[in-house]
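In: Okay, predicted coordinates and the sequence, questions at the end:
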Amino acid sequence: LTILGPSGCGKTTTLRMIAGLEEPNQGNIKLDDKVVFSRNEGVVIPPEARNLGLIFQSYALWPHMTVEKNITLALKEQKISKDEIASRLANALDMVQLTGYAERYPSELSGGQQQRVAVARAIVLEPKVLLFDEPLSNLDAELRVEMRVEISRLHRELGTTIIYVTHDQIEALTFADQVVVMHEGQIVQTGTPVELFEKPKHTFVGHFIGSPGMNILPCEIKNGQINFEGKILPNNANIKKTNFSKTQVGIRPEFINFSNDGIKVKVKRVSDTGRHKVIDTECSGGSIKILANASTEIPSESAHITFDKKYTYVYGDDWIIE
């Protein structure tokens, strides 16, 4: 499960509450059906008793300890036998592909290798849940891609629940079975990557996920129909309530097509990205971005466009109308 959202939306605070490093003002937290926090019942299970593994944004490795000692320190504190520690260490190093690195120090490792040690330190404890707090943000682009693959592989091999916090939508959509999108301290939508992309329940989700993001345009509701630029737009909404402070129509750039009739727009700019073209257009209702195949012929000045009914949504006060 990935918790996705911009800086300051509450992702890390949520993760720290699950870990027991922060206490919520109210409510309950359950891990594997066991209450680990309840304000009303006075239950506060400390972090070390929650059977969690936490991987930080900073690697948090002891610089004066070898890879082996960094990974096994907690096991030694638990008085686990030497044979068991050796077995778990070998297994953890193998899983993060660092066999042979046990006697090295953090300063002798690359950033990606240090992050692997941090992951090994967490999985060696055999936790029920692994918590990742933006662990790849300090790595360069190539290493981030490599580590995404490795974390996905680890998840398959371990079969352990992973909660992964990130502001990077590509990371979120690459990893997740389920994505929780947060905005200003609130969960605005939970769903699969496909659900979030194809049917954003809130305009923020439409803006935040996708590149370019969803077009959100002011519209009018007349007799239960969407009126935009003097055209009635086909859609799937059952619009009964109309007294919103604002109503908007949302359509992703991928689901807009050029046509001989429809909404008239002026072509302002075409950006060629190789596989696609991003076309910036304008009408009296606002700016509209279109994502087209590289081979698409783009009108030089003005054009007509249509919206795909299946992916045309109406939002009342930022929430989808269904």
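Out: Arrived safely.

In: Would you confirm that residue 303 belongs to a strand?
Out: Yes. Residue 303: assigned to a strand according to DSSP: H, G, I helix; E, B strand; the rest coil.

In: The stretch 1-150 of the chain: helices as residue ranges?
Out: Assigned by DSSP state H, counting those that start in this stretch, the stretch 1-150 of the chain shows helices spanning 11-19, 67-77, 82-95, 111-123, 141-158.

In: closest to residue 302 out of these?
Out: Distance to residue 302, taken as Cβ to Cβ, is lowest for helix 141-158 among the helices of the stretch 1-150 of the chain, at 38.5 Å. All C-beta spots, glycine's among them, are computed from the backbone N, C-alpha and C.

In: So which elements touch the closest one?
Out: Contact partners of helix 141-158 among helices and strands, from 3 or more Cβ pairs under 8 Å, 6 or more residues apart in numbering; DSSP states H and E: helix 82-95, helix 111-123, strand 161-166, helix 169-175.

In: try it again with 7 Å
Out: Judged by 3 or more Cβ pairs under 7 Å, 6 or more residues apart in numbering; DSSP states H and E, helix 141-158 is in contact with helix 111-123, helix 169-175.

In: ok, and which of those has the densest surroundings?
Out: Comparing the helices and strands packed on helix 141-158 by mean neighbour count (mean count of other Cβ atoms under 10 Å), helix 111-123 ranks first with a mean of 22.

In: Go ahead and confirm residue 133 touches residue 13.
Out: No. Residue 133 is beyond contact range of residue 13, at 10.6 Å (criterion: Cβ atoms under 7 Å).

In: between those two, which one's more packed in?
Out: More crowded of residue 133 and residue 13, by other Cβ atoms under 10 Å: residue 133, with 20 against 16.

In: Tell me which of the helices and strands packed on helix 141-158 sits nearest to residue 190.
Out: helix 169-175 (12.0 Å).

In: what packs against that closest one?
Out: When contacts are defined as 3+ Cβ pairs under 7 Å, 6+ apart, helix 169-175 sits against strand 2-4, helix 141-158.

In: how far does it sit from the chain's center?
Out: Here helix 169-175 is found 5 Å from its chain centre; the criterion is Cα atoms, centre = their mean, to the nearest Å.

In: After that helix, which helix or strand is next?
Out: strand 179-183 (DSSP states H and E).

In: sorry, back to before: adding mean pLDDT, write the helices of the stretch 1-150 of the chain out as JSON lines.
Out: Shown next, in JSON lines, are the helices of the stretch 1-150 of the chain (pLDDT from 0 to 100):
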{"stretch": "helix 11-19", "mean pLDDT": "95"}
{"stretch": "helix 67-77", "mean pLDDT": "90"}
{"stretch": "helix 82-95", "mean pLDDT": "91"}
{"stretch": "helix 111-123", "mean pLDDT": "88"}
{"stretch": "helix 141-158", "mean pLDDT": "84"}
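
In: nearest to residue 26, of the ones you listed?
Out: So among the helices of the stretch 1-150 of the chain, helix 11-19 is nearest, using Cβ to Cβ, at 11.3 Å.

In: Mind exporting the C-alpha coordinates of the closest one to CSV?
Out: Extracted in CSV, the C-alpha atoms of helix 11-19 (Å, rounded to 0.1, in the frame of the first residue of the first chain):
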residue,chain,number,x,y,z
LYS,A,11,2.0,11.1,4.9
THR,A,12,5.0,10.7,7.2
THR,A,13,2.9,11.7,10.3
THR,A,14,0.5,8.8,9.4
LEU,A,15,3.4,6.4,9.0
ARG,A,16,5.0,7.6,12.3
MET,A,17,1.6,7.0,14.1
ILE,A,18,1.5,3.4,12.8
ALA,A,19,5.1,2.9,14.0
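
In: And it, what's buried?
Out: Using 16 or more other Cβ atoms under 10 Å as the test for burial, helix 11-19 gives 11-19.

In: Run the angle between it and strand 179-183 for me.
Out: 120 degrees (axes from the mean of the first three to the mean of the last three Cα atoms, to 10 degrees).

In: Can you pull out the residues in contact with helix 11-19?
Out: Here helix 11-19 makes contact (Cβ atoms under 7 Å, 6 or more residues apart in numbering) with 3, 5, 22, 24, 29, 47, 50, 52, 54, 131, 133, 163, 165, 182.
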